[in-house]
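1. Return a 3D structure for these sequence lines:
(chains A and B)
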Protein chains: 2
Amino acid sequence: MERTNVPNATINRIPLYLRSLQEIKDRNRQIISSHELAELVGVQPAQLRKDLSYLGEFGTRGVGYEVEHLEFQLARRLGLTREWSIAVIGAGRIGSALLYYKGFKERNLAIRAILDIDEKKIGKKVGSLIIQDMRDLERVVREENIDVGIITTPAASAQGVADQLLKAGVKAILNFAPASINVPEGVVLRHVDLAVELQILTFFLRRHSLMEEKMDEEEVY
Amino acid sequence: MERTNVPNATINRIPLYLRSLQEIKDRNRQIISSHELAELVGVQPAQLRKDLSYLGEFGTRGVGYEVEHLEFQLARRLGLTREWSIAVIGAGRIGSALLYYKGFKERNLAIRAILDIDEKKIGKKVGSLIIQDMRDLERVVREENIDVGIITTPAASAQGVADQLLKAGVKAILNFAPASINVPEGVVLRHVDLAVELQILTFFLRRHSLMEEKMDEEEVY
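-> Numbers count the residues shown, from 1 in each chain, chains lettered A, B, ... in the order given. Sure thing, here's the model as predicted:
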């Protein structure tokens, strides 16, 4: 029985469990304990068990989890047992890098189109795709059955591009542009800000160095 | 008074508050209410007030927050009022794209070096940097005072690179490689997996489409 009230924090961790399970499967392991899987992911075993309890009943007490079964179930819950079609908007450096990113294809995430407004880029090839004219977005979305739009344009264009994607029928947006965008209810939106990750890192770095300074002071007095 | 027991979920949201404050400041706004700031970020006002309460006392009841003061305080807590020196390991597409990413520099995150093991890449220029030999890592870290290492190598090299970074004295790692890495306690580690973000998106997309199917069935019967 699937529960629909899965907490966001749990949803955020499922892909991490899935990645560790895939690594374990590659090593031909068939059973893993909750302690070992939790340690691989970097969470407490109780947290892992609670997260998985939202998704169904998997493990056997005292034995552990069947790696392949759990992997399939998590992939299914993440919607990865079907393929999703993706269009990248913006053929700049980030957009082009995504086309070559190996992590997508092996998870059934297929980039089917890349579009730009720049006449100098349209018609050129990136990877196996030809950069298409943003004015053809509606046709491209229809022909390629695009589910997800990835925005990698400059900040100032992001909201306009999001509006165009929704008008063309796309239901989910991953935004790499460093700008907040607004979408109506029912549209799935995630924001990836590479600087945000670095700032979380510097938060902890600063705290570490404050603690070290404090320890130095304590040594002096 | 700074509290040190700030929840991780709060830490993850501070960069989002900061980004919205910067957008507001660019529009020459001086005061903002907690409701308006919360809406811009996409959280509940009560959540925003609680998050900020961990960092100090900022707003005035019935008036709101002074934009510039709050922005400075959040930037300070994130360690952004000083500059951090960054080395990128791996001069592939993601590594090179990061060098051109505008969001870093304006937040005092300075990429000072890029290194690779590939003889064909070493000595070539990317942006304003020359790709250096990974064998010179210790010298580069010392000369450029590197605080943070960003790993953009293939998965199989990630752990080895992390070990080299720590040996060279780096205290924080941002890992873009699609592999889990282990570091000793005291080292700050964050993992950016672009496919993870897409998988969280497809989780919600799948749930939406299950809900629509259910509604269709209900209409039929």
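2. Would you verify that residue A:166 is located in a helix?
-> Yes: residue assignment for residue A:166, taken from DSSP: H, G, I helix; E, B strand; the rest coil, places it within a helix.
3. Report the separation between it and residue B:197.
-> Separation of residue A:166 from residue B:197 (Cβ to Cβ, to the nearest Å) stands at 19 Å. Glycine gets a C-beta too; all of them are placed from N, C-alpha and C.
4. again, but for residue A:13
-> Distance from residue A:13 to residue B:197, by Cβ to Cβ: 13 Å.
5. pLDDT score for residue A:37?
-> Looking at residue A:37, its pLDDT is 91.
6. who's in contact with the helix or strand hosting residue A:14?
-> Residue A:14 is part of helix A:8-26, with elements assigned from DSSP states H and E. Contacts to helix A:8-26, defined as Cβ atoms under 8 Å, 6 or more residues apart in numbering or on different chains, come from residues A:32, A:37, A:40-43, A:47-48, A:50-52, A:54-55, A:67-68, A:70-71, A:74-75, A:77-78, A:80, B:9, B:178-180, B:193, B:195-196, B:199-200, B:203-204.
7. quick one: contacts for residue A:122?
-> Residues near residue A:122 by Cβ under 8 Å, 6+ apart: A:116, A:131-133.
8. right, and out of those, which lies closest to residue A:161?
-> Residue A:161 has its nearest neighbour among the contacts of residue A:122 in residue A:116, at 10.5 Å by Cβ to Cβ.
9. Skipping adjacent residues, who's closest to the closest one in space?
-> If the residues on either side of it in the chain are set aside, residue A:116 comes closest to residue A:91, at 4.2 Å by Cβ to Cβ, 6 or more residues apart in numbering or on different chains.
10. Is there a neighbour count for the one you found? I'd like the number.
-> Other residues lying near residue A:91 total 24 when counted by other Cβ atoms under 10 Å in any protein chain shown.
11. Kindly report the same for the one 10 residues further on.
-> The number of residues packed around residue A:101, counting by other Cβ under 10 Å, is 17.
12. Repeat that for residue A:163.
-> Using other Cβ under 10 Å: residue A:163 sits among 13 other residues.
13. if I've got this straight, it is in a strand?
-> No: with three-state DSSP as the criterion, residue A:163 is located in helix rather than a strand.
14. what's in contact with the one helix or strand residue A:38 maps to?
-> Of the helices and strands defined by DSSP H and E, residue A:38 is found in helix A:34-41. Helix A:34-41 is contacted from outside by A:13, A:16-17, A:20-21, A:23-24, A:44-45, A:47-49, A:59, A:64-65, B:180, using Cβ under 8 Å, 6+ apart.
15. Would you write out the PyMOL command that picks the buried residues out of those?
-> Buried members of these, defined by 16 or more other Cβ atoms under 10 Å in any protein chain shown, are picked up in PyMOL with:
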select buried, (chain A and resi 13+16+17+20+21+24+48+59+64+65) or (chain B and resi 180)
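16. who touches the residue nearest to residue A:116 in this structure?
-> When the contact criterion is Cβ under 8 Å, 6+ apart, the partners of residue A:91 are A:114-116, A:118, A:121, A:124, A:126, A:131.
17. could you redo the last one with a cut-off of 6 Å?
-> Residue A:91 makes contact with A:114, A:116, A:121, A:131 under the criterion Cβ atoms under 6 Å, 6 or more residues apart in numbering or on different chains.
18. quick one: the last one from chain B, how far?
-> What that stands for is residue A:131. When distance is defined by Cβ to the nearest Cβ, to the nearest Å, residue A:131 is 16 Å away from chain B.
19. Distance of that residue relative to residue A:100?
-> Counting by Cβ to Cβ, the gap between residue A:131 and residue A:100 amounts to 14 Å.
20. ok, now the third one?
-> Relative to residue A:100, residue A:121 is positioned 16 Å away (Cβ to Cβ).
21. Have a look at the two and say which one is more surrounded.
-> Of the pair residue A:121 and residue A:100, residue A:121 is the one with more neighbours under other Cβ under 10 Å, namely 19 against 13.
22. Show me what the helix or strand where residue A:190 lies packs onto, helices and strands only.
-> Under the assignment given by DSSP H and E, the secondary-structure element containing residue A:190 is strand A:188-191. Using 3 or more Cβ pairs under 6 Å, 6 or more residues apart in numbering or on different chains; DSSP states H and E as the contact criterion, the secondary-structure elements in contact with strand A:188-191 are strand A:172-175, helix B:194-220.
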